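K.L.:
after the sequence you'll find the predicted model.
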Amino acid sequence: MLREHVSLKAMNTFGVEAQARWYAEVDSSSELSALLDDARVRDRPLLVLGGGSNLLLTRDFDGLVLRYTDAHIRVVAPGRESHLLEVGAGMHWHAFVDWSLANGYVGLENLALIPGTVGAAPIQNIGAYGVEVERFINAVEVFDRERRCTTIFKHDFCDFAYRWSRFKRADERDRYIVVNVRFRLPRRGELMLDYPGLRDELAAMNIEAPNARDVFAAVCAIRRRKLPDPAVIGNAGSFFKNPIVSIDVAHALLATHLAAPNFDAGEGNRKLSAAWLIDQCGLKGYRDGDAGVSVQHALVIVNHGAASGADLWRVAQHVRTAVSTRFGIELEPEPVVI
């Protein structure tokens, strides 16, 4: 049902007030097609909302805010070593990770507790603790707004990269709406334990030979300890991407800051820690009214209660300016800013 003038405060994890001119929920591509043909919203801007965890609303949205709610899980093609699964875009991501482990699959355990929905996972190419979701994506089914039909994009067509996919391109991000994601999940496989802190967490849990469920528990413990809970204090998790720089830029930084965390990013590039850069600027715990930087993690912008989206964006810009001024490195926001 199409509703008018709907508050989005409870639908974004920052908990900021903003209104949608129009709002609707659909659970099938046929419903979606009919909705987009409605004269009231046909020519208006569209915002597809998942869990609202990768979004900063700085104003009201004078268009249609859409939620795709289908959350089915279906085995498309069972195999001896792996299964091909189809998952509805409306499925909560963490619930799917938990389900996959409970049903004997491995691979997604490092991606536990990432907020949001399955539909958002390929768009952002979500990743954590040394794993990116594109490793397990077989295909993405989308509704094409121009052709008014669904189509399936195979993995390679999605152009996955660090926190990137073709669905974020300026000329395509408003064209496609993810409706299903197909995952190829193995029944057994090597655990990814090399990310800093993960083995230490497992050791603290007295686990010497971990299985996938143990890694899941360790990741959950680390995230709950390091990252503020959006149910307690508004936030969208990591607000900035870890910058990828040339090896020359990385060497220049290391010449004056030997302890600066840096990792191989391929093609002669290095990935730096955005949290470390922000922390070095003394901004961990920074506060401007009710908007600020988390005291738990420098990468997280937080709403202490009554901050507006514009207040939070002002803090984010302050952080970017500070890092750019001190290190000459530009930070790129992860969330969609409206």
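P.N.:
Received the coordinates, thanks.

K.L.:
endpoints of stretch 266-274, how far apart?
P.N.:
18 Å (CA to CA, to the nearest Å).

K.L.:
my bad, stretch 160-174
P.N.:
18 Å.

K.L.:
what is the helix or strand bottoming out on mean pLDDT in the chain packed up against?
P.N.:
For the chain, the helix or strand with the lowest mean confidence is strand 262-266, at a mean of 91 (criterion: mean pLDDT, DSSP states H and E). Contact here means 3 or more CB pairs under 8 Å, 6 or more residues apart in numbering; DSSP states H and E; on that basis strand 262-266 packs against helix 247-256, strand 269-272. (Each C-beta comes from the backbone N, C-alpha and C, glycine too.)

K.L.:
that one vs helix 247-256, what angle?
P.N.:
Per axes from the mean of the first three to the mean of the last three CA atoms, to 10 degrees, the angle that strand 262-266 makes with helix 247-256 is 170 degrees.

K.L.:
which other residues reach strand 262-266?
P.N.:
162, 244, 250, 253, 254, 270, 271, 272, 273 (CB atoms under 8 Å, 6 or more residues apart in numbering).

K.L.:
list the buried residues for that strand?
P.N.:
Within strand 262-266, the residues that count as buried by 16 or more other CB atoms under 10 Å are 262, 265.

K.L.:
skip the chain neighbours and tell me the closest residue to residue 160.
P.N.:
residue 134 (3.7 Å; CB to CB, 6 or more residues apart in numbering).

K.L.:
the one you found is in contact with residue 125, isn't it?
P.N.:
Yes: between residue 134 and residue 125 there is a contact under CB atoms under 8 Å: 5.1 Å.

K.L.:
for residue 271, which residues make a bridge with it?
P.N.:
For residue 271, the beta-bridge partners are residue 244, residue 263 (DSSP bridges).

K.L.:
surely it touches residue 244?
P.N.:
Yes: taking contacts as CB under 8 Å, residue 271 lies within contact range of residue 244: 5.2 Å.

K.L.:
what is in contact with these two at once?
P.N.:
With CB under 8 Å, 6+ apart, residue 271 and residue 244 have common neighbours 162, 265.

K.L.:
may I ask you to name the longest strand in the protein?
P.N.:
If you go by DSSP state E, the chain has its longest strand at strand 176-186.
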